[in-house]
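J.: sequence first, then the predicted structure, then my questions.
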Amino acid sequence: MTLNDYYESLPEVSAPKADFLRELVTTCGVELVTARLWVKGRTTPSNPEHRRIIARAVGVPEEELFPKLKKKEE
C-alpha cells in the first residue's frame, strides 16, 4: 500500500463550515481570510454583487445578513 493508496482510502469527512467558506472564496473570487472576516462579522463585503451572491447562497435577505449596512444608510 502506498501513501497515496492510504490517503485515498480515508473516509470523506464533511466540514460544512469549511465547505461554505470555500464556496464564498470561489464564487466571490476573494481570499479565504476575506471570507472568514465576512462570516465572523468583522467586515462586510463592499462589493454589492458579493452581498447578492451570498444572500442567494444562504437564502436570507442582504439586510438581515449585513445589518451594519442598514445602520449606515439611516
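T.: Looks like it arrived, so ask away. Residues are numbered from 1 along each chain as shown.

J.: list the buried residues in the helix ranked longest in the chain.
T.: Identified as the longest helix of the chain according to DSSP state H is helix 16-28. Under the neighbour-count criterion of 16 or more other CB atoms under 10 Å, helix 16-28 has 21, 24-25, 28 buried. Any C-beta I mention is one placed from the backbone N, CA and C, and that applies to glycine too.

J.: next one: stretch 58-74
T.: 62, 65-66.

J.: for that stretch, output the C-alpha coordinates as PDB.
T.: Provided in PDB are the C-alpha atoms of stretch 58-74 (Å, rounded to 0.1, in the frame of the first residue of the first chain):
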ATOM      1  CA  VAL A  58     -27.900  31.200   2.000                       C
ATOM      2  CA  GLY A  59     -31.500  32.200   1.200                       C
ATOM      3  CA  VAL A  60     -31.500  35.200   3.600                       C
ATOM      4  CA  PRO A  61     -32.100  38.800   2.600                       C
ATOM      5  CA  GLU A  62     -29.000  41.000   2.400                       C
ATOM      6  CA  GLU A  63     -30.500  43.400   5.000                       C
ATOM      7  CA  GLU A  64     -30.600  40.600   7.500                       C
ATOM      8  CA  LEU A  65     -27.200  39.200   6.700                       C
ATOM      9  CA  PHE A  66     -25.500  42.600   6.800                       C
ATOM     10  CA  PRO A  67     -27.300  44.700   9.400                       C
ATOM     11  CA  LYS A  68     -24.400  47.200   9.600                       C
ATOM     12  CA  LEU A  69     -25.200  48.300   6.100                       C
ATOM     13  CA  LYS A  70     -28.700  49.300   7.100                       C
ATOM     14  CA  LYS A  71     -27.400  51.300  10.000                       C
ATOM     15  CA  LYS A  72     -25.000  53.200   7.700                       C
ATOM     16  CA  GLU A  73     -27.900  54.200   5.400                       C
ATOM     17  CA  GLU A  74     -30.000  55.600   8.200                       C
END
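
J.: got the contact list for that stretch?
T.: 44-45, 51-52, 54-55 (CB atoms under 8 Å, 6 or more residues apart in numbering).

J.: before we move on, back to that, mean confidence (pLDDT) on the longest helix of the chain, please.
T.: On average, the pLDDT along helix 16-28 is 94.
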